[in-house]
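[1] Pasting the sequence and the predicted model now:
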Amino acid sequence: MSQSGHRVPGFDGTLLAVQDLGSGFPLVLLPGQANNHHWWDDARADFHATHRTITFDYRGTGDSDAPEAGYSTPEFAEDVIAVLDALGVERADVYGTSMGGRVAQWVAVHHPDRVRRLVLGCTSPGGPEALERDASVRRALGQADRRAVVKALVDLMYSPGWRASHPGPYRTLGDPAMAPHARRGHLRASDRHDAWDALPRITAPTLILHGADDRMTPAGNVPLLASRIPDARTHVFPGARHAYFEECRPQASALVAAFLAGE
């Protein structure tokens, strides 16, 4: 099956833009906070040999509607289920990165029958037990000058060596067309995520990936997640920052593909 650009109702009727490409077992790819499906433009093709890839623009991003409500990681997870229902998909693999990893946690917790295998990338359990980014990162991202924020984001996403040979454009820096209320909603959703107590209820085989030099979401969250999710596997990429899935794409995609194949 291959189709793109149509819209389906989310959990509360909000229309969500869906991109449904390739054939094979369904794989849901979830992007980071304040980003749309273009986050996955480079890596998604790595999975088309075995998977049908499904993305959607979060409410408030891309071609989806931007309602005033519905901005929390559990509600985003219900949008995932609504998209699967609309596509007639009973069960899927789920790969979420950054805030998408937080959303994926709730999909696996609340709908275990819908998730075959789970991949969590550059993410955290949230709540008081999580290892948060330091104050300097928060200051850099809180600047009023959008250009300064973009510069800070590029540095947080990619190592200097990788940037030197990959000058962009980068698709992981947020959707610039977002309405202010939607941007605030995404920030609240990510900041208020707390799945610590629920994580032991995840039954899907789980792989946790991270960049060792990630300052956006510190890699110290890997052992925290692994301590809460039964039998989770982990892998940390030396030298990589938040967007390890691009910077270490050959290795990362191969690891994910092997895990999804049951290896």
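    Structure's in. What do you need? Numbers count the residues shown, from 1 in each chain.
[2] so when I look at residue 29, I'm seeing a helix, right?
    No. Counting by DSSP: H, G, I helix; E, B strand; the rest coil, one finds residue 29 to be strand, located in no helix.
[3] That one and residue 239: what is the separation?
    24 Å (C-beta to C-beta, to the nearest Å). (Each C-beta comes from the backbone N, C-alpha and C, glycine too.)
[4] Return the residues in contact with the spatially closest residue to residue 143 that is not a sequence neighbour.
    If the residues on either side of it in the chain are set aside, residue 143 comes closest to residue 149, at 5.4 Å by C-beta to C-beta, 6 or more residues apart in numbering. With contact taken as C-beta atoms under 8 Å, 6 or more residues apart in numbering, residue 149 is in contact with 140-141, 143.
[5] if you set the cut-off to 10 Å instead, what comes out?
    The contact partners of residue 149, by C-beta atoms under 10 Å, 6 or more residues apart in numbering, come to 140-143, 173-174.
[6] same check, this time on residue 28
    Per C-beta under 10 Å, 6+ apart, neighbours of residue 28: 51-56, 80-81, 83-84, 87, 89, 92-96, 100, 103-104, 107, 114-115.
[7] repeat for residue 131
    Contacts of residue 131 (C-beta under 10 Å, 6+ apart): 124-125, 217-224.
[8] go on, residue 16?
    Applying C-beta under 10 Å, 6+ apart, the residues near residue 16 are 6-10, 56-59, 61-65, 79-80, 82-83, 86.
[9] In a strand, it, correct?
    Yes. Residue 16 sits within a strand when classified using three-state DSSP.
[10] Now residue 256. Nearest residue, chain neighbours left out?
    residue 119 (5.5 Å).
[11] Which of the helices or strands spans that neighbour?
    strand 115-121 (DSSP states H and E).
[12] Quick check, pLDDT for the residue nearest to residue 256.
    With respect to pLDDT, residue 119 has a value of 99.
[13] is it true that it touches residue 229?
    No. At 11.6 Å, residue 119 does not count as touching residue 229 under the criterion of C-beta atoms under 10 Å.
[14] ok, residue 254 - how many residues close by?
    When counting by other C-beta atoms under 10 Å, one arrives at 12 neighbours for residue 254.
[15] Need the three-state assignment for it.
    helix.
[16] Wait, it touches residue 49, no?
    No. Using C-beta under 10 Å, residue 254 makes no contact with residue 49, being 11.4 Å away.
[17] What is the least confident helix or strand in this protein?
    Ranked by mean pLDDT, DSSP states H and E, the helix or strand of the chain with the weakest confidence is strand 3-9, at a mean of 80.
[18] any idea which element the closest residue to residue 69 other than its chain neighbours lies in?
    Using C-beta to C-beta, 6+ apart and skipping residues adjacent in sequence, the residue nearest residue 69 is residue 12, 7.4 Å away. For residue 12, there is no enclosing helix or strand under DSSP H and E.
[19] tell me, how many neighbours does residue 12 end up with?
    13.
[20] ditto for residue 164
    9.
[21] returning to that earlier point: now that we have the contacts of residue 28, which of them are buried?
    Buried members of the contacts of residue 28, counted by 16 or more other C-beta atoms under 10 Å: 51-56, 80-81, 83-84, 87, 89, 92-96, 100, 103-104, 107, 114-115.
[22] Strands - which of the residues you listed land there?
    By the criterion of DSSP state E, membership of the buried ones among the contacts of residue 28 in strands covers 51-56, 92-96, 115.
[23] closest to residue 20 among those residues?
    The nearest member of these to residue 20, counting by C-beta to C-beta, is residue 54 at 5.3 Å.
[24] State which helix of this protein is the longest.
    Ranked by residue count under DSSP state H, the longest helix found in the chain is helix 73-87.
[25] What is that one packed up against?
    Here helix 73-87 touches strand 3-9, strand 15-22, strand 25-30, strand 51-56, strand 92-97, helix 99-110, helix 180-191, going by 3 or more C-beta pairs under 10 Å, 6 or more residues apart in numbering; DSSP states H and E.
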